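[1] Please find the sequence and the predicted model below.
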Amino acid sequence: MSQNYIPQIVIQTKPYITVSAKGVSNGLSNTFNDSADFGPDTLLNAIAPNQYGSPYTQTAGIQEAVNYVQNNGGGLVFIKSGTYTIGSTTWVSITQGNIKIKGESKYSTIITNPSQSIFAVNASNVEISDLTLENAGQYFILTQPASSGQVLEHLYYHDLNIIGGNKIGTGQFMFIDPYPSTTLGAVDFKHVLLENIYINTEGKTGGNEIIDFLYMQPFNFRVKNVYINNSSGPALATGLNGGELMFENLMIEAGVILLGASNNPAYIEFDRLRPPPYISSTVGLVQIQLAQSTNGYMPMYLRISNSRDIYVIAQVNGNPYPLIEMLEVDNIQIANPNIANLIYNVVAKVMRVSGVAYPYNFGSAFPGIGQSAPGIVIPPLSTSANLSIELSDIILGYPNNNEGNAAIIGLNGPALNTVTQKYSVKISGVFPLSQSAVRFAVNGTVYPDFASAVLANPSLFYAFEIDAIDSASGIYYKSKVVPGMSVSTPSVPSSGTVAQNTNPYPVDVYISGGSATQVQVTRSGTTYTLWSSSTATAIPPLLVHLGAGDSITITYSTAPSWTWLPSL
């Protein structure tokens, strides 16, 4: 039989192409569902099954099987149980779509390449599953467009074990666009799912991250049910030019998360992010680091929800500190008593923190709640920003008896005299407001209450509002402090004369007494009668709200008294 002969049964009845670690020429037969078409003794660059002999394949027959399927319009390459070693100068390349590579079991089908990458994907509609990829010298799976403007979509990598790495390489599971575009909407990865993946690098990545998302604008890119243990470098890193990236049910035993973005809005979301259960001070913490950019600003929208033992921090503890568009942190449990701060030296133009439970005693030196409770520390910025911070329903333990300077939140002014940094802060829900060591700190000074801090630093605040229940005493607090907002009560003008609110904010006018027949308010050119009497009589206690630019007119025979106050 000629080695170029292709049995008709392979094309007509066989549902997939198989690869065996045993070798085609070692007695394996071409029977339905029980044969191998390619193996380690396959002829190098064979174009069909059953072509074997010297020079032998450099990929244990996997590349030849992929080529054959690609040349026939796509299909499934089924890799039987066994260990497959890729040659030192090559890797398995997927350049055309509609390809599925599936192992017999992710526990028994093992592919390794200690010198080079294992897979390189440059095509759409590719599925890789049920494999163990072990000790890659460079990349476990490198996925990247092959040309400028190419969009890779419908990629599904799942049920994989990623083990080890190589000290001289990176061992990365990488998605990268070598032809990055900064144009908004220039999507390069679309509809991608990484699911059910176990990663343990065994400390062999040489300080590099294990998963990379670089120079890309992804759309509908999800990472779900993934475990990462990378004791020799970061767990994952992003360098997005925009787009969206979503993580769900991510457990990280070792390795930080490093996030960066530039050029266009990038949306990154973590749902159910956590470490393994807390055991000791050396484990049980997920650190999310925000990268340092030229002026600190990154167009990033970051949301972390339904998670445990997380810590958001600046990658570099120095100017310029990270400033992003939005940071939302909600439904967080802190079970590790060694966590120092929930958010440290990171700020967003809009920051919302809600539903944080921390049951332990806390207290250490300012800043932050301290050594053993979550706090928020906002750094001095190198670029101007107006910042809105909302905190709600944060449950804390009790302060340590020897600590008087713990703080729920610590704010700072700008790093440069040429920039402005102003805050609007709102606290609502349930808080431990009356605990003696709970404080509010501004520019390193700890204040005994929120109002004192705001009024002592009027140039830093637009407003501070509290609408909360003290979890320690059960007392309900509701107030608003607006530094610099004051109103002088004008004289009551003559009867029928207009008095206008010329302040840039609303006021409340308290009126009573006198002898009058009518009180009217004019707003946006329309006049409304708020009170009237057919005969002149004393005005009962009346509260009139005037927006900026509104006016009030009182018709009277005897002038009433009134008081103008800022409307909060």
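    Structure received. Numbering: from 1, shown residues only.

[2] quick check: domain ranges of this structure?
    According to automatic domain parsing, the chain comprises the domains 1-80, 83-267, 275-484, 498-566.

[3] could you redo those as JSON lines and give each row distance to residue 491 and mean neighbour count?
    Yep, even glycine has a C-beta here, placed from its N, CA and C like the rest. Output for the domains of the chain, formatted as JSON lines (distance: least, CB to CB, whole Å; neighbours: other CB atoms under 10 Å):
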{"stretch": "domain 1-80", "distance to residue 491": "87", "mean neighbour count": "18"}
{"stretch": "domain 83-267", "distance to residue 491": "52", "mean neighbour count": "20"}
{"stretch": "domain 275-484", "distance to residue 491": "24", "mean neighbour count": "19"}
{"stretch": "domain 498-566", "distance to residue 491": "9", "mean neighbour count": "15"}
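
[4] Walk me through the regions of the stretch 101-250 of the chain where pLDDT falls short of the threshold, as ranges.
    166-171 (pLDDT under 70).

[5] What segments of it are strands?
    109-112, 119-121, 126-134, 139-143, 152-163, 172-176, 189-200, 211-214, 218-229, 236-239, 243-254 (DSSP state E, counting those that start in this stretch).

[6] The ones you listed: which one's closest to residue 381?
    Nearest to residue 381 among the strands of the stretch 101-250 of the chain is strand 236-239; the distance by CB to CB comes to 22.0 Å.

[7] Can you find the helix or strand in the chain with the smallest mean pLDDT?
    Least confident helix or strand, the chain: helix 8-12 with a mean of 34, by mean pLDDT, DSSP states H and E.

[8] now the helix or strand following it: how far from the chain's centre is it?
    Scanning forward in sequence from helix 8-12 by DSSP states H and E, the next helix or strand is strand 17-19. Distance of strand 17-19 from its chain centroid, counting by CA atoms, centre = their mean, to the nearest Å, is 41 Å.

[9] Following the chain onward from strand 17-19, which element is next?
    Downstream of strand 17-19 (by DSSP H and E), the next one is helix 62-71.

[10] what packs against that following helix?
    Other helices and strands packing on helix 62-71, by 3 or more CB pairs under 8 Å, 6 or more residues apart in numbering; DSSP states H and E, are strand 17-19, strand 75-79, strand 92-94, strand 99-103.

[11] Lowest average pLDDT across the ones you listed?
    Lowest mean pLDDT within those: strand 17-19, at a mean of 86.

[12] right, and residue 440 touches residue 455 too?
    No. Applying CB atoms under 8 Å, one finds residue 440 not in contact with residue 455, separated by 11.5 Å.

[13] how about the CA coordinates for the longest strand seen in the chain, as CSV?
    Identified as the longest strand of the chain according to DSSP state E is strand 526-546. Below are the C-alpha coordinates for strand 526-546, written out as CSV (Å, rounded to 0.1, in the frame of the first residue of the first chain):
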residue,chain,number,x,y,z
THR,A,526,-44.1,80.7,35.8
THR,A,527,-45.6,82.1,38.9
TYR,A,528,-47.2,79.8,41.6
THR,A,529,-49.3,80.9,44.6
LEU,A,530,-48.2,79.0,47.7
TRP,A,531,-50.4,80.7,50.2
SER,A,532,-53.3,83.2,50.1
SER,A,533,-56.0,84.8,52.2
SER,A,534,-59.0,86.8,51.2
THR,A,535,-58.3,89.2,54.1
ALA,A,536,-55.0,90.3,55.5
THR,A,537,-53.9,87.9,58.2
ALA,A,538,-50.8,86.6,59.8
ILE,A,539,-48.9,84.1,57.7
PRO,A,540,-48.7,80.7,59.4
PRO,A,541,-45.2,79.1,59.7
LEU,A,542,-44.4,78.5,56.0
LEU,A,543,-41.3,76.9,54.4
VAL,A,544,-40.6,78.0,50.8
HIS,A,545,-38.0,76.3,48.7
LEU,A,546,-36.2,78.5,46.2
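
[14] returning to what we had before: of the strands of the stretch 101-250 of the chain, which approaches residue 275 most closely?
    Nearest of the strands of the stretch 101-250 of the chain (CB to CB): strand 243-254, 5.9 Å.

[15] Return the distance of the very next helix or strand once past the longest strand of the chain from the chain's centre.
    Next in sequence after strand 526-546, counting helices and strands by DSSP H and E, comes strand 551-558. With CA atoms, centre = their mean as the basis, strand 551-558 stands 57 Å off its chain's centre.

[16] can you check stretch 222-231 too?
    On CA atoms, centre = their mean, the centre of stretch 222-231 falls 15 Å from that of its chain.

[17] Would you mind measuring from the residue found closest to residue 98 once you drop the neighbours it is linked to in the chain to residue 99?
    With sequence-adjacent residues excluded and distances taken as CB to CB, 6 or more residues apart in numbering, residue 98 is closest to residue 74, at 2.7 Å. Distance, residue 74 to residue 99, by CB to CB, to the nearest Å: 6 Å.

[18] Next: residue 505.
    In terms of CB to CB, residue 505 sits 64 Å off from residue 99.

[19] swap in residue 219?
    22 Å.

[20] Kindly report the same for residue 453.
    Residue 453 is 61 Å from residue 99, by CB to CB.

[21] can you check residue 514 too?
    Taken as CB to CB, the span from residue 514 to residue 99 is 88 Å.

[22] what's the answer for residue 141, then?
    From residue 141 to residue 99 the distance is 13 Å (CB to CB).

[23] Tell me which helix or strand comes right after the helix or strand where residue 423 lies.
    According to DSSP H and E, residue 423 maps onto strand 421-431. Per DSSP H and E, strand 421-431 leads on to strand 439-442 as the next helix or strand towards the C-terminus.

[24] That next one pairs with which strands?
    Strand pairing for strand 439-442, determined by DSSP bridges: strand 407-411 (parallel), strand 445-447 (antiparallel).

[25] so residue 536 touches residue 560, yeah?
    No. Judged on CB under 8 Å, residue 536 makes no contact with residue 560 at a distance of 11.0 Å.

[26] For those two, list the residues in contact with both.
    Shared contacts of residue 536 and residue 560, defined by CB atoms under 8 Å, 6 or more residues apart in numbering, are found at residue 516.

[27] Which residues are in contact with each of residue 74 and residue 99?
    With CB under 8 Å, 6+ apart, residue 74 and residue 99 have common neighbours residue 125.

[28] Give me the nearest residue to residue 490, chain neighbours excluded.
    residue 499 (6.1 Å).

[29] Give me the helices and strands touching the helix or strand harbouring the one you found, please.
    Applying DSSP H and E as the criterion places residue 499 in strand 498-500. Judged by 3+ CB pairs under 8 Å, 6+ apart, strand 498-500 is in contact with strand 551-558.

[30] Direction included, what does the one helix or strand residue 302 maps to pair against?
    According to DSSP H and E, residue 302 maps onto strand 297-308. Strand pairing for strand 297-308, using DSSP bridges, gives strand 266-274 (parallel), strand 323-333 (parallel).

[31] Can you tell me the strand partners of the helix or strand just after that strand and which way each runs?
    As assigned by DSSP H and E, the chain's next helix or strand after strand 297-308 is strand 310-314. Looking at strand 310-314 with DSSP bridges, its partner strands are strand 286-290 (parallel), strand 343-344 (parallel).
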